[in-house]
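In: Structure for this input, please:
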Amino acid sequence: MAARNKILIIGIGRLGAMLANRASQRGENVIVVDPQETAFERLDDTFTGFKITGDATDIRTLESDCYITSVYEVIITTGDDNTNLFLAHLCAKIYGVPQVFVRFDDPDKSVLISGIPSIQAIYPSDLSAKRFIALEAEGEK
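Out: Sure thing, here's the model as predicted:
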């Protein structure tokens, strides 16, 4: 089995690009994948990782281009909750990736990943609500 020494980021929108740039700056071995080659324009000029133009739901792309068996962390940030859910399950259950982080717009998706300890979800609506509540509390002081 290959050593797990890579981070794979699927979906290079604003969030995916920010996380990829940050991981690259830390010196991580980063692979990014997006079906649109223009998405890579969001990456910094100093980005040192590998850029894969392709469909991460295609097993051949994950195995041959993204080296999924040597990945210790996957960050899934596409704009589609169902795609993100599928990829999270695939990475965690089929490929045994130790850490899978997935973004969902719909907090109700949490029930579909419960009981899978390697998958952790981020919900932008929850994060925004917590920040608004914190700002409101600061204003009341």
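In: quick one: contacts for Ala56?
Out: Ala56 makes contacts with 10-11, 33, 62, 66, 78, 87, as judged by Cβ atoms under 8 Å, 6 or more residues apart in numbering. Glycine gets a C-beta too; all of them are placed from N, C-alpha and C.
In: What about those, which are in strands?
Out: 10, 33 (DSSP state E).
In: Just give me the residue closest to the centre of this structure.
Out: For the chain, Ile75 is the residue whose C-alpha lies nearest the centre (Cα atoms, centre = their mean; 1.9 Å).
In: Which strand residues bridge it?
Out: Beta-bridge pairing of Ile75 under DSSP bridges involves Ile9, Phe101.
In: Return the per-residue confidence for it.
Out: Confidence at Ile75, expressed as pLDDT, is 98.
In: next one: the one 4 residues further on
Out: Gly79 is assigned a predicted lDDT (pLDDT) of 94.
In: now do the one 10 residues further on
Out: His89 carries a pLDDT value of 97.
In: any idea which helix or strand carries it?
Out: helix 81-89 (DSSP states H and E).
In: what sits up against that helix?
Out: 10-11, 56-57, 74, 76-78, 100, 102-106, 109, 112-113, 116, 119.
In: Mind doing that once more with 7 Å?
Out: Residues from elsewhere that reach helix 81-89 (Cβ atoms under 7 Å, 6 or more residues apart in numbering): 10, 56-57, 76, 78, 100, 102-106, 109, 112-113, 119.
In: out of the residues you listed, who's nearest Ala129?
Out: Asp105 (13.3 Å; Cβ to Cβ).
In: what about the closest one, how many neighbours?
Out: Neighbours of Asp105 under the rule other Cβ atoms under 10 Å: 12.
In: Confirm that it lies within a strand, as I assumed.
Out: No: per DSSP: H, G, I helix; E, B strand; the rest coil, Asp105 lies outside any strand segment and is coil.
In: Excluding chain neighbours, what is closest to it?
Out: Nearest residue to Asp105, sequence neighbours excluded (Cβ to Cβ, 6 or more residues apart in numbering): Asp81, at 5.6 Å.
In: How about Val30?
Out: Here the residue nearest Val30, using Cβ to Cβ, 6+ apart, is Gly49, at 3.2 Å.
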